[in-house]
Structure formats: structure tokens, C-alpha cells
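Asks: following is a predicted model, sequence given first.
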Amino acid sequence: EDQVTQSPEALRLQEGESSSLNCSYTVSGLRGLFWYRQDPGKGPEFLFTLYSAGEEKEKERLKATLTKKESFLHITAPKPEDSATYLCAVQFSGSARQLTFGSGTQLTVLP
Amino acid sequence: NAGVTQTPKFQVLKTGQSMTLQCAQDMNHNSMYWYRQDPGMGLRLIYYSASEGTTDKGEVPNGYNVSRLNKREFSLRLESAAPSQTSVYFCAVLFAGTDTQYFGPGTRLTVL
């Protein structure tokens, strides 16, 4: 069974304290891996797509990386405005671009 | 929300009542999706539509029906609501030429 697991479930950081979020997956035929950010009461907001092992994408303080079994979202020197839930999703080859989501990591950055 | 609108934003129903959640895009993309989001379970796909007039079941379709009468709109109907359908519902659109889905703002539904 295809699965997507995110860890940790929740993470509290001090402002400026860098860390990483993990997304591991067991899937046959990965087409792409997606990262979204979700603020309370809002819809998920697209951040990155990764397609192949070794690929990296960056946006401001965020960098996403991909291996054959997992992806990391690295947060460098976070600020309180980075507080949100970060969702990972995988898309399988042959599917109608369907996404399977992990349950998310709730990040809190304290000032 | 990338031109994806959902109505209503909030709704409270009694068990057995019916209602339709509406999703509309102001672009011309083919594929649209309905998800539900429950605490600790992430988003789960209910139904999707690859093009106007076509729909397919996702992971959790029981208790729901959908309709894609035109390219712009994709509706989700609960014929007889149950407390287990209390959730936040999101519509998403696949941007043409990409693999990326963009989400609407969501509908928070409570079934008493």
C-alpha cells in the first residue's frame, strides 16, 4: 500500500533555530513529490515540486530535497511568520495527477 | 487561491439533510478535485474530474456524489449527511501543462 509519513507531527523552534521536516514514502512509481504550506483556516499553498532523487528547490528560507525514499524540507533561520502546517504529497505514475498526502507537520516558530 | 472559489465557507447541517458544495475556477483547466481534511489524517481524495462531463472516485467516495456539467464548475453533493462527514472540504484545480494542484479556501462543514 502506498503511504506517505511525515515527521515530526509538531515542531517548536526559536526564531533563527534551523531544522528539517521529513516526508518518507513507500510507493511504486513516483511521478513527483509536492510540498505545501497551510495556514489555519486556509487552503494549502503550493511551495515546491520535486521529481527525481538529488533534486533540490529553494524559496527564501526553505529548501526541499528528495532521495529515493524521502524528502526533507529544511528551514534556515526561521521567523515567526514561517509558523504553519507543512504538507507533503506524492503523485504516482499513471494516476490522473492524484495526490496522496501525509498528515502534516505543524511548525511553530517562537520570537 | 489561484482563482479557485468555494461556497459556502461554513455550513451546519442536521443528520439526514442534503447540501451541495460548489467549486468554481476562473481559468480554463481540465482537471478538478475534491478532498476532505480531518485532524491527524491529512487530505483525502473524494472524487476527481479529468475533464468536463467525466468524474472518477477517489479514496473516500462513499456518501458523496459529484457533478461536472461545465469546465468551470465542479460540485460535491451530500444526499443524506452523517456526523462522519463533518470535515473541511477543499477543491483543487490542476494547472494545465503542470502537475501542480492549486487549492481553494475550503468549506467547513459540521453535521449534527
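Replies: Cool, the structure landed.
Asks: wait, what's in contact with the residue nearest to A:T67 when sequence neighbours are not counted?
Replies: Counting by Cβ to Cβ, 6 or more residues apart in numbering or on different chains, A:T67 lies nearest to A:A53, which is 5.3 Å off, once chain neighbours are set aside. From N, CA and C alone the C-beta is placed, and that goes for glycine too. Contact partners of A:A53, counting by Cβ atoms under 8 Å, 6 or more residues apart in numbering or on different chains, are A:L66, A:T67, A:K68.
Asks: again, but for B:H29
Replies: B:K71, B:V93, B:L94, B:F95, B:A96.
Asks: which pair of these spans the longest distance?
Replies: B:K71 and B:F95 (13.9 Å; Cβ to Cβ).
Asks: now the strands: where do they sit in the chain?
Replies: No chain in the question, so chain A it is. Counting by DSSP state E, chain A has strands at residues A:3-7, A:10-14, A:19-26, A:30-38, A:45-50, A:56-59, A:62-66, A:70-75, A:84-92, A:99-101, A:105-110.
Asks: right idea, wrong chain: chain B
Replies: Counting by DSSP E, the strands of chain B are B:4-7, B:10-13, B:19-25, B:32-38, B:42-51, B:54-57, B:65-67, B:75-78, B:87-94, B:101-103, B:107-111.
Asks: turn these into CSV, including distance to chain A and mean pLDDT.
Replies: Formatted as CSV, the strands of chain B follow (distance: least, Cβ to the nearest Cβ, whole Å; pLDDT from 0 to 100):
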stretch, distance to chain A, mean pLDDT
strand B:4-7, 8, 96
strand B:10-13, 10, 97
strand B:19-25, 11, 97
strand B:32-38, 8, 97
strand B:42-51, 4, 94
strand B:54-57, 7, 94
strand B:65-67, 14, 97
strand B:75-78, 15, 98
strand B:87-94, 5, 97
strand B:101-103, 4, 95
strand B:107-111, 8, 97
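Asks: good, we can wrap up now.
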